[in-house]
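**Student:** A predicted structure for the sequence below; I have some questions about it.
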Amino acid sequence: MKKTLVLISLLYSLAFCCQKTNNPVVKDILEKVKDHYTDKDLYKKLETEFQPEDWDTLTGKELAQKLTEKLRTVSGDQHFFIKYKDGLTSENKKNAKETATENNFLNSLENFGFENVKRLEGNIGYINFKGFAESRSSAKTLASVMDFVANTNSLIIDLRENRGGDNGMLILFCSYFFKEKTNLYSTYFRDKEKTVQNTTRTKVLGKKYLDKNVYILTSRSSFSAAEGLAYFLKNYKLAKIIGENTGGAANPVDEFIIADQYLTVIPVGKITATISHGNWEHTGVSPDIKTTSENAFKTAYILALKEIMNSKIQTELNRNELENLIEKLENEKSKMAVF
């Protein structure tokens, strides 16, 4: 009887909340949130905090921006996003194959997120990675990247400008650092009442990067899947995180088109890491070595060189040359701190 009363009360609250505006776009978006958002209790907050807004005077980009801001503020979930674009009907009618083909082409124009890859003095690999494109289309590029750095003594992965992306690509990239198949996390989708297990791959196209030092650079802009890569490699003690605390967005999303004009991104799932029984939602990933985003690269590079030198790992540089390079980098870092 008590559960029935609670349910009736909740349904009344939802109806009351949605009646506070005559704007059909707002109503439809709120209904999508009610049906799909990972936290079914969000509406309890919307009931009190969504009411005061005069949504009926807002249209287009202004409405999309205001809704995005309000949903993020009320929920604390930075994955909420609403974009206004006239004429989304034709895009909505594209089939999955056409959409995937178009997205893969666009991602290929940005090399599937890999901005640059190089070998630094001291035989240290560096990967500047800015986004997780769909895993099947990205797999060969990722393999080429990992093959390129395979012979380096340690590796720096730069995620300071990475805003996340495809979950499958997150799993694939993680797989290069795990010797054995590992169940990293489960994802619960409330709207489908389904839980999916996310496990690393035993075999990958390129060479795995094992038993070597890995350093991941982060900033406040590092987001979503980028945070996931940092989170899992840190928790399994496969990498050190250097830089700033990340954005704090773990929930996977789905897209909905409202009124043929509003692309609405709603978090629909919840990640639970096997190793920690939690995730990085709201909290972000804290660095092992905290420094500014600007200083993160040189901090990691210096640390990598010192660890190579202390471990007496052979590089193309002798000990004196390594010491000189470290001194040079430390001087440059000091000058950056002054300015």
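**Tutor:** That came through fine.
**Student:** Show me the beta-bridge partners of T264.
**Tutor:** Counting by DSSP bridges, T264 is bridged to I82, F256.
**Student:** The host helix or strand of N116 pairs with which strands?
**Tutor:** Element membership of N116, judged by DSSP states H and E, is strand 114-120. Using DSSP bridges, the strands paired with strand 114-120 are strand 124-129 (antiparallel).
**Student:** quick one: average pLDDT of the strand it pairs with?
**Tutor:** On average, the pLDDT along strand 124-129 is 98.
**Student:** just how off-centre is it within its chain?
**Tutor:** With C-alpha atoms, centre = their mean, to the nearest Å as the basis, strand 124-129 stands 18 Å off its chain's centre.
**Student:** which outside residues touch that strand?
**Tutor:** Taking contacts as C-beta atoms under 8 Å, 6 or more residues apart in numbering, the residues outside strand 124-129 that touch it are 113-120, 145, 148-149, 152-159, 162, 226, 301, 304-305, 308. Backbone N, C-alpha and C define where each C-beta goes, glycine included.
**Student:** if we can go back for a sec, the strand holding N116: which residues count as buried?
**Tutor:** 114, 117, 120 (16 or more other C-beta atoms under 10 Å).
**Student:** Repeat that for stretch 318-328.
**Tutor:** So, applying 16+ other C-beta under 10 Å, buried residues of stretch 318-328: 322, 325-326.
**Student:** on that earlier part again, can you list the residues that contact the strand holding N116?
**Tutor:** By C-beta under 8 Å, 6+ apart, the surrounding residues in contact with strand 114-120 are 125-130, 141-142, 145, 148-149, 152, 156, 301.
**Student:** Of all pairs in the residues you listed, which one is the farthest apart?
**Tutor:** Between any two of the contacts of strand 114-120, the greatest separation by C-beta to C-beta is 24.3 Å, found for T141 and Y301.
**Student:** between these two, which one's more packed in?
**Tutor:** Just comparing T141 and Y301: by other C-beta atoms under 10 Å the higher neighbour count belongs to Y301, 24 against 19.
**Student:** The helix or strand where that one lies versus strand 114-120: what angle between them?
**Tutor:** Element membership for Y301 (DSSP H and E) is helix 293-310. Comparing the axes of helix 293-310 and strand 114-120 via axes from the mean of the first three to the mean of the last three C-alpha atoms, to 10 degrees yields an angle of 40 degrees.
**Student:** Now do the lengthiest helix in the chain against helix 293-310: the angle between them, please.
**Tutor:** Ordering each helix of the chain by length in residues (DSSP state H) puts helix 319-338 first. Computed with the same axes, to 10 degrees, the direction of helix 319-338 lies at 160 degrees from that of helix 293-310.
**Student:** and of the buried residues of strand 114-120, the nearest to V196?
**Tutor:** For these, the nearest to V196 is F114 (26.7 Å; C-beta to C-beta).
**Student:** What are the boundaries of the strands in the protein?
**Tutor:** Here the chain has its strands, by DSSP state E, at 81-84, 114-120, 124-129, 154-158, 183-189, 194-199, 213-218, 240-243, 253-258, 262-267, 269-273, 289-290.
**Student:** Go through the first one and flag the buried ones.
**Tutor:** Yep, that's strand 81-84 we're talking about. 81-82, 84.
**Student:** Adding pLDDT and distance to Y215, write those residues out as JSON lines.
**Tutor:** JSON lines is the format used below for the buried residues of strand 81-84 (pLDDT from 0 to 100; distance: C-beta to C-beta, whole Å):
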{"residue": "F81", "pLDDT": "94", "distance to Y215": "30"}
{"residue": "I82", "pLDDT": "95", "distance to Y215": "36"}
{"residue": "Y84", "pLDDT": "92", "distance to Y215": "40"}
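**Student:** Closest to A249 out of those residues?
**Tutor:** Minimum distance to A249 across those is 10.4 Å, recorded for F81 (C-beta to C-beta).
**Student:** Of all the strands of the chain, which one is nearest T101?
**Tutor:** Nearest to T101, of the strands of the chain and by C-beta to C-beta, is strand 253-258 at 17.2 Å.
**Student:** and the strand holding N116, C-alpha only, in CSV?
**Tutor:** The C-alpha trace of strand 114-120 is given here as CSV (Å, rounded to 0.1, in the frame of the first residue of the first chain):
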residue,chain,number,x,y,z
PHE,A,114,44.8,11.0,-33.2
GLU,A,115,46.2,14.5,-33.5
ASN,A,116,49.9,13.4,-33.6
VAL,A,117,52.1,10.6,-32.5
LYS,A,118,55.9,10.9,-32.1
ARG,A,119,59.0,9.6,-30.4
LEU,A,120,60.6,12.0,-27.9
